[in-house]
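# Sharing a model prediction with you, sequence too.
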Amino acid sequence: MKKIELTKKQALLVGVVAILVIFGTGIAAKSWFVIMVGVALLVYIAAYAIYGAVKRRKK
């Protein structure tokens, strides 16, 4: 179980870095579409994290 949690945290970290890169390129290119994709990914990851926390608490 501990090993899976570590890889999940690493995956989350990679996801956050990827989103920051997307935001950076979006702002640099002044492209609203790229920024919106970044926002959508951020909301998706936040919702997934909250869902996971709630699911764990209910057990």
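Noted; the coordinates are in hand. Residues are numbered from 1 along each chain as shown.

# Which strand or helix spans the residue nearest in space to the middle of the chain?
Central residue of the chain (Cα atoms, centre = their mean): residue 45, 3.9 Å from the mean position. Here residue 45 sits within helix 32-58, counting by DSSP states H and E.

# Could you list the buried residues of that helix?
34, 35, 38, 41, 42 (16 or more other Cβ atoms under 10 Å). Yep, even glycine has a C-beta here, placed from its N, CA and C like the rest.

# so how far is residue 48 from the residue nearest to the residue nearest to the centre of the chain when sequence neighbours are not counted?
Spatial nearest neighbour of residue 45, excluding adjacent residues (Cβ to Cβ, 6 or more residues apart in numbering): residue 15 at 5.7 Å. Residue 15 is 10 Å from residue 48, where distance means Cβ to Cβ, to the nearest Å.

# just residue 14 next, same as before
Distance, residue 14 to residue 48, by Cβ to Cβ: 14 Å.
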